[in-house]
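[1] Give the three-dimensional model of this entry:
(chains A and B)
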Amino acid sequence: DQQVKQNSPSLSVQEGRISILNCDYTNSMFDYFLWYKKYPAEGPTFLISISSIKDKNEDGRFTVFLNKSAKHLSLHIVPSQPGDSAVYFCAAAPSYNTDKLIFGTGTRLQVFP
Amino acid sequence: GAGVSQTPSNKVTEKGKYVELRCDPISGHTALYWYRQSLGQGPEFLIYFQGTGAADDSGLPNDRFFAVRPEGSVSTLKIQRTERGDSAVYLCASSLYGGLGRTEAFFGQGTRLTVV
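    Model prediction:
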């Protein structure tokens, strides 16, 4: 039972354009949502997060949008850069156990010149 | 180094053998996590330590898996009687106080375990 789903295994975007990565979840108890970025042979690195009391959080080129009614969140990267090419994982946790992150299967983003 | 360090980077073992995977967290971080990432999947929670004690071990798949953190710093994940299905990248992470949903966790590069 996959509680956090990333239905697009890969995404290819031209440099300078917007990248939109999507994530759906099934557990209405999730209160915290995070995006991690992973380069080959490295561990995941934290990118941005949002709590369920907000619907948007922005950090530089990265913005995460949360639609609680649709149980959907998305990560927008604009403008996309070649260095953004990596695997992006969506993760979620309920407020009663914020130490047990549930990860999606990841989306591989490739930004080409 | 300043980051989370995991050793070895790669481990190949025969089915049925015992293995130990080591994690050195960032100095001063009280919370330590083990995750497992199988091919094509996202990281899967195994266990969480707060200090020396296992605060949540609900992700350990069975009693062949065990983890310790005796002095509240370095942690060792131990797998007995390894099976081919144990093959995965084992990731360790640490954070200053815990609460990954609210605070940043720092992951190591992982140990790739291959059971042949």
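[2] tell me which parts of chain A are close to chain B?
    Contact residues, chain A versus chain B (CB under 8 Å from any CB of the partner chain): A:4, A:6, A:31-32, A:34, A:36, A:41-46, A:49, A:51, A:89, A:91-95, A:97-106. (Glycine included, C-beta is placed from N, CA and C.)
[3] Drop anything exposed from these.
    Buried subset of the residues of chain A next to chain B (neighbour count, 16 or more other CB atoms under 10 Å in any protein chain shown): A:4, A:6, A:31-32, A:34, A:36, A:43-44, A:46, A:49, A:89, A:91-94, A:97-106.
[4] Which ones among those map onto strands?
    A:4, A:31-32, A:34, A:36, A:46, A:49, A:89, A:91-94, A:102-103 (DSSP state E).
[5] which residues of chain B fall in strands?
    Under DSSP E, chain B gives strands at B:5-7, B:10-13, B:19-24, B:31-37, B:44-50, B:53-56, B:65-68, B:75-79, B:88-95, B:106-107, B:111-115.
[6] Distance to chain A, mean neighbour count and mean pLDDT added to the ones you listed, as TSV?
    Formatted as TSV, those follow (distance: least, CB to the nearest CB, whole Å; neighbours: other CB atoms under 10 Å in any protein chain shown; pLDDT from 0 to 100):
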stretch	distance to chain A	mean neighbour count	mean pLDDT
strand B:5-7	8	17	98
strand B:10-13	10	14	98
strand B:19-24	11	19	98
strand B:31-37	7	25	97
strand B:44-50	5	22	96
strand B:53-56	6	15	93
strand B:65-68	14	17	98
strand B:75-79	15	19	98
strand B:88-95	6	24	96
strand B:106-107	3	20	94
strand B:111-115	9	18	98
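[7] how about those strands, which one is nearest A:Tyr25?
    Taking CB to CB, strand B:44-50 is the member of the strands of chain B nearest to A:Tyr25, at 15.4 Å.
[8] partners of the closest one in the sheet?
    Here strand B:44-50 is paired, per DSSP bridges, with strand B:31-37 (antiparallel), strand B:53-56 (antiparallel).
[9] Ok, which of the ones you listed comes nearest B:Ile47?
    Of all the strands paired with strand B:44-50, strand B:31-37 sits nearest to B:Ile47, with 5.0 Å by CB to CB.
[10] The closest one vs strand B:88-95, what angle?
    If you take axes from the mean of the first three to the mean of the last three CA atoms, to 10 degrees, strand B:31-37 sits at 160 degrees to strand B:88-95.
[11] Give me the contact list for strand B:31-37.
    Contacts to strand B:31-37, defined as CB atoms under 8 Å, 6 or more residues apart in numbering or on different chains, come from residues A:99, A:103, B:23, B:25, B:43-50, B:67, B:69, B:75, B:77, B:88-100, B:105, B:107, B:110.
[12] Also compute the angle for it relative to strand B:19-24, please.
    For strand B:31-37 against strand B:19-24, the angle by the same axes, to 10 degrees is 130 degrees.
[13] Just the CA coordinates for strand B:31-37, please, in PDB.
    Below are the C-alpha coordinates for strand B:31-37, written out as PDB (Å, rounded to 0.1, in the frame of the first residue of the first chain):
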ATOM      1  CA  ALA B  31      18.400  11.800  16.400                       C
ATOM      2  CA  LEU B  32      19.600   9.000  14.100                       C
ATOM      3  CA  TYR B  33      17.700   7.100  11.500                       C
ATOM      4  CA  TRP B  34      18.100   4.100   9.300                       C
ATOM      5  CA  TYR B  35      16.300   3.800   6.000                       C
ATOM      6  CA  ARG B  36      16.500   1.200   3.300                       C
ATOM      7  CA  GLN B  37      16.200   1.900  -0.400                       C
END
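[14] I am finished for the moment; much appreciated.
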